[in-house]
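Novice: my questions are about this predicted structure, shown below with the sequence.
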Amino acid sequence: MTVPAAETWLQVRPQGLYCVPGDFFIDPLRAVPRPVITHAHADHARPGHGAVLASAETLALMRARLGAGAAGASQQPAGLGEALTLGEVRLWLAPAGHVLGSAQVAMEYRGRRVVVSGDYKRAADPTCAGFEPVRCDVFVTEATFALPVFRHPPAGREIAKLLASLALFPERSHLIGCYALGKCQRVIALLRQAGWQRPIYLHGALMPLCRLYEAFGVPLGDLRPLAGATRADLAGAIVLAPPSAQTDRGTGRLTDPVTALTSGWMQVRARARARGVELPLVISDHADWDALNATIDETGAAEVWVTHGAEAALIHAATRRGVRARALRLVGYGEEAGEDGGGRQ
Amino acid sequence: MRPFAALLERLAFTHARGAKLALLQRYFAATPDPDRGFGLAALTGGLRLATARPAQIRALIAARTDPELFAFSYDHVGDLAETVALMWPGGSPGGEPPGLAEVIGELERAPRSEVPARLAAWLDRCDASERLALLKLITGGLRVGVSARLAKVALAGLGDGRVSVEEIEEVWHALAPPYGALFAWLEGRGERPDPAGAPSFRPPMLAHPLEAEDFARLDLADYRAEWKWDGVRVQLAAGPRGRALFSRGAEDISAAFPDIVAAMAFAAVLDGELLVVREGAVAPFADLQQRLNRKAPSARLLASHPACVHLYDMLFEGEEDLRALPFDARRARLEAWFARARPARMALSPLVPVSGRAALAALRDGAREAGIEGLMLKRADSPYLAGRPKGLWWKWKRAPLSIDAVMLYAQHGHGRRGGLYSDYTFGLWRDDGVLVPVGKAYSGFTDAELTFLDRWIRAHTVARFGPVREVEKALVLEVAFDAVQRSSRHKSGVALRFPRISRIRTDKPAAEADRLATLLRLIGPGDD
């Protein structure tokens, strides 16, 4: 029996990446009857699908973000590592370490194994299960930070910078821009690990997902709504808000805040300046350059398909190590106002 | 290196003066000698080091990284030092970086040829932030928006009010890195350093910009008028203990102007404007710029670009401090002294007769010749006060000129604007219907406009030449500038003084942009 090449059964369609023998899409960009969703960020989990397959956490996050009506006509939770059969394809989810519930999609068809990474990181994160490499023939990887200039420092050191700034400017609120799903909860958990036990104030858009994280067993400590806080409460306090809300009415009440932003893009000074940030914090939920390359090697894949990001550099580096690599042209990811969006031009 | 790198990183993103002061003060308070003194010297331009050229830095990274990956990365980051700092392989977080004193000590002794090897060894011991600080230090481009003055204000804060910033400035030029005696004095552990033995800088008196409503309120009988020269403000300090030429920011620029220093055979402290003057005519600012760019000018440059100072105030005559006297009395002393001393390469900046509001306004608007950018108005009774006291001195620049030009090329900014297209070459229509470049602008726009321009350029690129993008000839920019001069160095035959983007004219089609002939008409006939 000949082994069919992966590109014959895993194809780029206008809706997204399509698995022909399983008749499902992975993270489709438009509503489809049968999607498999890697994680609940808006550019990967779109509304209006039919029967959605994803981790229980991702499904819960989708319901919270999209509303129960838009989070799929039906929902099928899959435990991490639990093997399922869709059409002629054997499929399971493996942890991706990106945000709560995030998963890679592993697929086997006629003796070949393909793993789609979704978004992932290798750094430890107290709010979600860590990435597990899966050996495979073809690895489909993200490439958000696929340039050798992106080597994320340990997140603990960035948190220490924040705490040092609070010590230097004890009267000023520190307004931290962070994405509502994942980054927000990770920053809170890192602050708690670093010993910050005071209340943390949240912009209204952040509270529901924090409560959901707590319901899944991720403790986040004393969280309070920014709306009810007094000026005295906020002096020297940590306030979290979505990056887009850093100048809106809710946060506009803060007097002379130190504005911080948590993103891998903060590594490049011109980008941090373009965002008008006073305290850039390089905290990313994506794999950095070293992690992307190490992960490709750990999967043992002879072939790598590179999706959204700086494909060219990663393809060049993989090719030089003898891995066949090519770009997978999927348009539409990185459009959520989160970490991906910051880097688009 | 670690505290210094952390300081630079914060300063790079801090714009508020109060926050900068807090950062500097914490650095000076928390960092031990002698590192903090070398940090102070690095911030205030007080270091003379063997440096490395960009080509040498490129060679270091080329030996350690894949050239294509470097090219991808440099294109993304837009700043050489930053790209190298981020890409440098290895680097041990938790390793021990070299101290600032160690780095500077070795760079002061090292022959230039050995700098790259030492730099590489240090980079291996640093993390990315420390690598960037080290590379910026060694390439001489800290650019963190800290003036020497601001650093001194921070130092004054270190002394809990025992020592004022003016007192620090008076002793400053007797001090040398790493400033151990200064810190001892500020912290109450030592005596005031003795400034004897070196000519010292006196904080200059500065003027406020004059707005229309201020002008309407002024009683002109109380004021004296002078030309506002388009040069560089300098202080000349000379006496038996030596001679020095200082910039307004207290930088000692004597080495770049040996012609002026040679002419300072007197005992006085004078305030004036540094200019290039040929046969009595003030040359365009661009000519002075060439002198300012050379730390050690060649004999040829000295001959072709002779420097001159137009004097307008006298702070000391001999040991006598004149600063408390009113302007008129100081002016009389200056004129009498000048008549006696007749120093070479110097001239008195004349008083401009004040004969009514309308006549003065006409003089200021008519001041289009090279070397003049408007008028100064100084109260006749004003003492010479440090800083920018309100209501005594006014600077009254003539209104800027402007043209509507078409964007032709764009280039990545470097440093602060790395990664964004922030340098624009613009052009005007020649009579034969060809657009010719007339200048480049890097400023004037807001952050939002910069974002707009960056996007527009990426979407309208028609060709690339290395870092330069040629764009569709479709975007009109209103460019303001202070003066226009003939120039044989530019293809269009003209050079603009301080061009900046004042508006983006998306409302205007490119065909309706200005013609080169319009710009040429602005050049006075006497300026050919």
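Specialist: Great, that's in hand. Residues are numbered from 1 along each chain as shown, chains lettered A, B, ... in the order given.
Novice: near chain B, which residues of the stretch 51-200 of chain A show up?
Specialist: Neighbours of chain B within the stretch 51-200 of chain A, by CB under 8 Å from any CB of the partner chain: A:147-151, A:153-154, A:157, A:161, A:165, A:168-169. C-betas here are computed from N, CA, C, even on glycine.
Novice: center of chain A, which residue is that?
Specialist: Central residue of chain A (CA atoms, centre = their mean): A:His98, 4.5 Å from the mean position.
Novice: for chain A, what's the nearest residue on the stretch 51-200 of chain B?
Specialist: Proximity of the stretch 51-200 of chain B to chain A (CB to the nearest CB) peaks at B:Leu86, 3.8 Å away.
Novice: doesn't that residue belong to a helix?
Specialist: Yes - assessed with DSSP: H, G, I helix; E, B strand; the rest coil, B:Leu86 lies in a helix.
Novice: which residues are in contact with it?
Specialist: A:148-151, A:267-268, B:73, B:77, B:128, B:132 (CB atoms under 8 Å, 6 or more residues apart in numbering or on different chains).
Novice: got these as JSON lines, with neighbour count and distance to B:Phe215 columns?
Specialist: As requested, the contacts of B:Leu86 are arranged in JSON lines below (neighbours: other CB atoms under 10 Å in any protein chain shown; distance: CB to CB, whole Å):
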{"residue": "A:Pro148", "neighbour count": "24", "distance to B:Phe215": "58"}
{"residue": "A:Val149", "neighbour count": "26", "distance to B:Phe215": "52"}
{"residue": "A:Phe150", "neighbour count": "29", "distance to B:Phe215": "54"}
{"residue": "A:Arg151", "neighbour count": "22", "distance to B:Phe215": "57"}
{"residue": "A:Gln267", "neighbour count": "23", "distance to B:Phe215": "50"}
{"residue": "A:Val268", "neighbour count": "26", "distance to B:Phe215": "46"}
{"residue": "B:Ser73", "neighbour count": "25", "distance to B:Phe215": "53"}
{"residue": "B:Val77", "neighbour count": "26", "distance to B:Phe215": "47"}
{"residue": "B:Ala128", "neighbour count": "22", "distance to B:Phe215": "52"}
{"residue": "B:Leu132", "neighbour count": "24", "distance to B:Phe215": "47"}
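Novice: with respect to A:Pro199, which of those residues is nearest?
Specialist: A:Pro199 has its nearest neighbour among the contacts of B:Leu86 in A:Gln267, at 30.1 Å by CB to CB.
Novice: give the contact list for B:Met87.
Specialist: Listed by CB under 8 Å, 6+ apart, the contact set of B:Met87 reads A:148-149, B:61, B:65, B:69-70, B:73.
Novice: tell me the secondary structure at the closest residue to it other than its chain neighbours.
Specialist: Leaving aside its chain neighbours, B:Met87 sits nearest to A:Pro148 (4.8 Å; criterion: CB to CB, 6 or more residues apart in numbering or on different chains). Secondary structure for A:Pro148, judged by three-state DSSP, is coil.
Novice: what does B:Gln411 give?
Specialist: Judged by three-state DSSP, the three-state class of B:Gln411 is strand.
Novice: next one: phi and psi at the residue lying closest to it once chain neighbours are set aside?
Specialist: Using CB to CB, 6+ apart and skipping the chain neighbours, the partner closest in space to B:Gln411 is B:Asp423 (4.2 Å). Backbone torsions of B:Asp423, given as degrees, to the nearest 10, read phi -110, psi 120.
Novice: count the neighbours of B:Asp423 for me.
Specialist: Residues near B:Asp423, counting by other CB atoms under 10 Å in any protein chain shown, number 18.
Novice: isn't it right next to B:Ala410, touching?
Specialist: Yes - counting by CB atoms under 8 Å, B:Asp423 touches B:Ala410, with 6.7 Å between them.
Novice: and the residue in the stretch 151-300 of chain A that chain B sits nearest to, how far from B:Leu132?
Specialist: Of all residues in the stretch 151-300 of chain A, A:Ala270 sits closest to chain B, at 3.9 Å by CB to the nearest CB. Separation of A:Ala270 from B:Leu132 (CB to CB, to the nearest Å) stands at 13 Å.
Novice: swap in A:Arg275?
Specialist: Look at A:Arg275 and B:Leu132: by CB to CB, they are 19 Å apart.
Novice: buried ones in stretch B:131-146, by neighbour count?
Specialist: B:131-139, B:141-142, B:144, B:146 (16 or more other CB atoms under 10 Å in any protein chain shown).
Novice: residues in contact with that stretch?
Specialist: For stretch B:131-146, the external contacting residues (CB under 8 Å, 6+ apart) are B:1, B:4-5, B:8-9, B:11-12, B:15, B:20, B:24, B:42-44, B:49, B:51-54, B:57, B:81-82, B:84-86, B:88, B:91, B:103, B:107, B:115, B:119, B:122-123, B:126, B:415-416.
Novice: excluding its backbone neighbours, what's nearest A:Leu86?
Specialist: Among residues not flanking A:Leu86 along the chain, A:Gly22 sits closest, at 4.1 Å (CB to CB, 6+ apart).
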